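**Q** what follows is a predicted protein model with its sequence.
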Amino acid sequence: MHGLEQAGEILLLLVQTALWLLRPPWRMRLVFKQMEFVGVKSLNVTILTGAFTGGVFALQTYHGFSLFGAESLVGSTVALALARELGPVLTSLMVTGRAGSAMAAELGTMRVTEQIDALYVMAVNPVQYLVLPRVVASVVMLPLLTIVADFVGIMGGYVVGVHLLGINAGIFVAKIIEYVDPEDIMQGLFKAAIFGLILSLVGCFKGFYTYGGAEGVGRATTEAVVLASVTILAADYVLTALMF
């Protein structure tokens, strides 16, 4: 029952956020600040994750495909896997650990120090001031980070496949062009936007309703990362099943 209540409260927070999206004032300065925090400051971890993911996936698929002489398909397999699944999912999980946890910690600290209550006193809606910029920034920046992860991952697969394993460079690139369609890329970007919505909503929800002082802030941060990560993986399965 507790899980259902929590899901309902997150849904209500989503509805409030959507309603405030249509009403002024639009605090673009706060949105851009969160876009920098969620997107620009997550570039390093996104690049590292994408590069090593593409490299290790190329290594694994090469050893598997070499058993039946299909090494030429390594490039297309790496690109498809990154575009459809690995890019959006791994990027979202890394951003959840870096930015989603910070959202829960920041809002949780504001709750236990009564700063959120002070916003009500000043006639400022906390959902519009605190939650909306983080949600908008996450939904916008996650697809952009996924594009970076896809590109870097393919480059990592290229370096491993061509320079370390000896796959012909022309064949590697040609197979990517042949088998990867724009629909595959758009599918991954749509997933990334949904995952951005999930991680920001869960992080803000856990922080917004924190209680219990410093211990409560730590608990909320941990629960936000765990819940958002599991929800992202579950949503990935549902979205994949619906798209195929």
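**A** Looks like it arrived, so ask away. Residues are numbered from 1 along each chain as shown.
**Q** other SSEs contacting the strand or helix carrying residue 157?
**A** Under the criterion of DSSP states H and E, residue 157 resides in helix 132-158. Secondary-structure packing of helix 132-158 (3 or more CB pairs under 8 Å, 6 or more residues apart in numbering; DSSP states H and E): helix 2-21, helix 28-38, helix 43-65, helix 74-81, helix 87-95, helix 169-179, helix 182-208. Every C-beta, even on glycine, is put in place using the N, C-alpha and C of the backbone.
**Q** separation between residue 31 and residue 20?
**A** According to CB to CB, to the nearest Å, residue 31 and residue 20 sit 12 Å apart.
**Q** cool, residue 52 as well?
**A** Distance from residue 52 to residue 20, counting by CB to CB: 39 Å.
**Q** more crowded one of those two?
**A** Taking neighbours as other CB atoms under 10 Å, residue 52 and residue 20 compare with residue 20 leading, 18 against 15.
**Q** I'd assumed residue 132 was in contact with the more buried one.
**A** Yes. Using CB atoms under 8 Å, residue 20 is in contact with residue 132, at 5.2 Å.
**Q** residue nearest the centroid of the protein?
**A** Closest residue to the average C-alpha location of the chain: residue 92 at 2.1 Å, with CA atoms, centre = their mean.
**Q** that residue: what's it in contact with?
**A** 142, 192, 195-196, 198-199, 232 (CB atoms under 8 Å, 6 or more residues apart in numbering).
**Q** try 6 Å this time
**A** Neighbouring residues of residue 92 by CB atoms under 6 Å, 6 or more residues apart in numbering: 195, 232.
**Q** and it, what's its pLDDT?
**A** Residue 92 is assigned 95 on the pLDDT scale.
**Q** roughly how far apart are it and residue 192?
**A** Residue 92 sits 6 Å away from residue 192 when distances are taken as CB to CB.
**Q** before we move on, what about residue 167?
**A** According to CB to CB, residue 167 and residue 192 sit 28 Å apart.
**Q** over to residue 126?
**A** Taking CB to CB, one finds residue 126 at 27 Å from residue 192.
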